[in-house]
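K.L.:
Need a 3D model of the sequence below.
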Amino acid sequence: MQTAPDFIWVFLALPLVAAMGVTVALLAQPEPMHLRSDKAQQLALACAAGLSLNYALGTLLSELRWVLIAGGAIAAASLAWALARQPRALAGLLAMGWIRWLLSAALVLGAAGAILFEPLQGWDARSVWFFSARRIFFGDGLVASPGWTNRAYGFSHGDYPKLLPLLAAQFAHVWGLWNEFIPKASLLVLLAPVVIAFMGLARRIGLSLLFLAAGLLLGTKEFLWNGYADTYLCLYAVVGMLYLARWLSTSAPLDLACGGAFLGVAGNLKNEGLLVVLCVGAGLIAWFCVSASARSAQRSLRWPAGVWIALLLPCLGFIAWTFTKQQWQLANDMEIGAGSAVRVWQRLQEGRLPLVAQSLVVQSGAGTAAALFLGTALLARILQTTVPASAAFPALVATLYSAGMFLVYLGTPHDVAWHLATSAERTMMLALFAYLGSTFLVLQAMESPSPARFAAIRQPGLNP
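P.N.:
Predicted coordinates for the structure are as follows:
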C-alpha cells in the first residue's frame, strides 16, 4: 500500500462529496450565516447531501465510471452555480474558525491510521459490506449478475443497502485495484461529515461538545475502523436526531434540513436504518400530539427549496435499491411478516424475555446511558437550569428503537441466544448513543449563561 497516494485520494474525495451537495446546503439557508457553528452545520449538510446524491447515482447508473463522471459533473455545476449566485456564502462554508477546523482534523486524523492501515478482518466487514463492494468493483457497477442471486453467497446479505459498498468500490475503481486496505478509505469519507456536524451542534467549544465527541467516537471502539457499518449508522442517526431536536425548539429550516439529510444517510446504510427512520417519524408525531408549542411553531410547510431537497434526496437511492432488490429477488433472512408475531409469542411463552432484556438493556450499556440522561436531567432541574423540552427527543427515539429491537430479537428465525451474542452490542449502540445525545443537550443547556442566548443564536454579529 502506498501511503501518500492513499491520503491524497481521500482528501480529494472529501471536497468532491461536499461540492456535490453544496447547492442543497446554500438553498436550505439562502441568507448569509454569521455564527461559525452555523457555517459548520451548513458544510456538514453539503457533505451529507453529497453522500445521498452519490448513492442515488450508484443505484441508477450501470457503470462505476459513469457514476464518477456524473458525480464530478454535478459537483462542477454545483460549484459554478454557487460562485455565480452566492460567492460569499460559498466562501463562508469554510469559515467555521480555526479551533473547529483543528479539532475536526484531530478527530479525523486520529481515526485515519487505524482505518487506512488495518486490513479487513472482521466477519461482517469481509463477508458482508466489503464483499458486496468487491462484487460491485469487479462487476464495474451495481448491475445484475449471478453473484447477487447465488444461494452460496447467502451469508453476505445481498439485500442490505449499498451506500457503503458502493463508496468502497468507487475508491478501488479510482485506484484501479482491489486489496484489503484501499476500499476502507470510504470509512474516512463517512466519518468526516459527522465530525464537522459535531462542530455545528455547539455554539461554542465546551465540555458538552467534548462529552459528545468522546462518548460517541470512543464508544464505537473497534467498530469505528474495522469495516462494520453499525458505527456509521449510529453516528449519522444520532446527529440527525440532535439537529431535529434543535429544530423542534428553533424552527430553523437549516436544522430540519441537516437532521433529515443525516437520517437519510443512516437509512441507506443498514436495514436497521429503516427502523430508526420509522422511530424518528413516530417520535415526531408523538411530540406534535403532546406539544402545543411545537404544533404552532411547525405549522407552516413553506420551507426553502433546499430543505425539501435534503429531505427527499435520500429517498431516491432508497427507492431505486428497493426496486432493484425486487427485480433481483433478494430476500432478507429475518423473514419479517406474519410469522414474526407467532415467533414473538412463542419466545415469550418460552421465557426468553429476560435473556433479551439482559443483552439489550444491561450488557449493551443502553440502560446505563438512559440512567445517565435521567440523572443529568434531574441535576439540571435541581440547579433550576432552563432545558428545552426537545432535549428528550433523542431519548424518546432511543426508547422506541429499543422496543422495536425487542420485537426483532424475539421474532428472529435464528437461535435467540446466538443472535444476541453476535449482534446485540452493535445494534443497541444506536440506543446507547441516542441517550448520550439527550445528555449532551442537557449539558449544553447547563453551560449556557442564560435562556436568552438560546433564543438569539442566529442574530447577526454573534461569532463565538
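
K.L.:
Next secondary structure element downstream of the helix or strand harbouring Gly240?
P.N.:
Using DSSP states H and E, Gly240 maps to helix 230-250. For helix 230-250, the following helix or strand on the C-terminal side (DSSP H and E) is helix 253-267.

K.L.:
Take that next one, keep the C-alpha atoms, and write them as CSV.
P.N.:
Backbone C-alpha positions of helix 253-267 (Å, rounded to 0.1, in the frame of the first residue of the first chain) are rendered in CSV as follows:
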residue,chain,number,x,y,z
PRO,A,253,-35.0,25.3,8.3
LEU,A,254,-31.3,24.6,8.3
ASP,A,255,-31.7,22.4,11.4
LEU,A,256,-34.5,20.4,9.7
ALA,A,257,-32.5,20.0,6.5
CYS,A,258,-29.5,18.8,8.4
GLY,A,259,-31.5,16.4,10.5
GLY,A,260,-33.2,14.9,7.5
ALA,A,261,-30.0,14.6,5.5
PHE,A,262,-28.1,12.8,8.2
LEU,A,263,-31.0,10.5,8.9
GLY,A,264,-31.3,9.8,5.2
VAL,A,265,-27.7,8.6,5.1
ALA,A,266,-28.4,6.4,8.1
GLY,A,267,-31.5,4.9,6.4
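
K.L.:
And the next helix or strand past that helix?
P.N.:
Downstream of helix 253-267, the first helix or strand assigned by DSSP H and E is helix 272-290.

K.L.:
Which helix or which strand is home to Leu142?
P.N.:
Under DSSP H and E, no helix or strand contains Leu142.

K.L.:
Show the model's pLDDT score for it.
P.N.:
Turning to Leu142, the model gives it a pLDDT of 90.

K.L.:
Kindly report the same for Leu12.
P.N.:
Predicted confidence (pLDDT) for Leu12: 79.

K.L.:
Show me what the helix holding Gly240 is packed against.
P.N.:
Under the contact definition 3 or more CB pairs under 8 Å, 6 or more residues apart in numbering; DSSP states H and E, helix 230-250 sits against helix 36-60, helix 185-201, helix 207-219, helix 253-267, helix 272-290, helix 393-410, helix 429-447. Yep, even glycine has a C-beta here, placed from its N, CA and C like the rest.

K.L.:
Swap in 6 Å and give it another go.
P.N.:
When contacts are defined as 3 or more CB pairs under 6 Å, 6 or more residues apart in numbering; DSSP states H and E, helix 230-250 sits against helix 185-201, helix 253-267, helix 393-410, helix 429-447.

K.L.:
which one of the ones you listed lies closest to Ala282?
P.N.:
helix 393-410 (5.8 Å; CB to CB).

K.L.:
got the CA coordinates for that closest one in PDB?
P.N.:
Only the C-alpha atoms of helix 393-410 are listed here, as PDB (Å, rounded to 0.1, in the frame of the first residue of the first chain):
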ATOM      1  CA  PHE A 393     -36.400  13.800  21.800                       C
ATOM      2  CA  PRO A 394     -33.300  11.600  21.100                       C
ATOM      3  CA  ALA A 395     -34.100   9.600  24.300                       C
ATOM      4  CA  LEU A 396     -37.700   9.200  23.100                       C
ATOM      5  CA  VAL A 397     -36.400   7.800  19.800                       C
ATOM      6  CA  ALA A 398     -34.000   5.500  21.700                       C
ATOM      7  CA  THR A 399     -36.800   4.100  23.700                       C
ATOM      8  CA  LEU A 400     -38.900   3.400  20.700                       C
ATOM      9  CA  TYR A 401     -36.000   1.800  18.900                       C
ATOM     10  CA  SER A 402     -35.200  -0.400  21.900                       C
ATOM     11  CA  ALA A 403     -38.800  -1.600  21.900                       C
ATOM     12  CA  GLY A 404     -38.500  -2.400  18.200                       C
ATOM     13  CA  MET A 405     -35.300  -4.300  18.800                       C
ATOM     14  CA  PHE A 406     -37.000  -6.400  21.500                       C
ATOM     15  CA  LEU A 407     -39.600  -7.400  18.900                       C
ATOM     16  CA  VAL A 408     -36.900  -8.100  16.300                       C
ATOM     17  CA  TYR A 409     -34.900 -10.400  18.600                       C
ATOM     18  CA  LEU A 410     -38.000 -12.200  20.000                       C
END
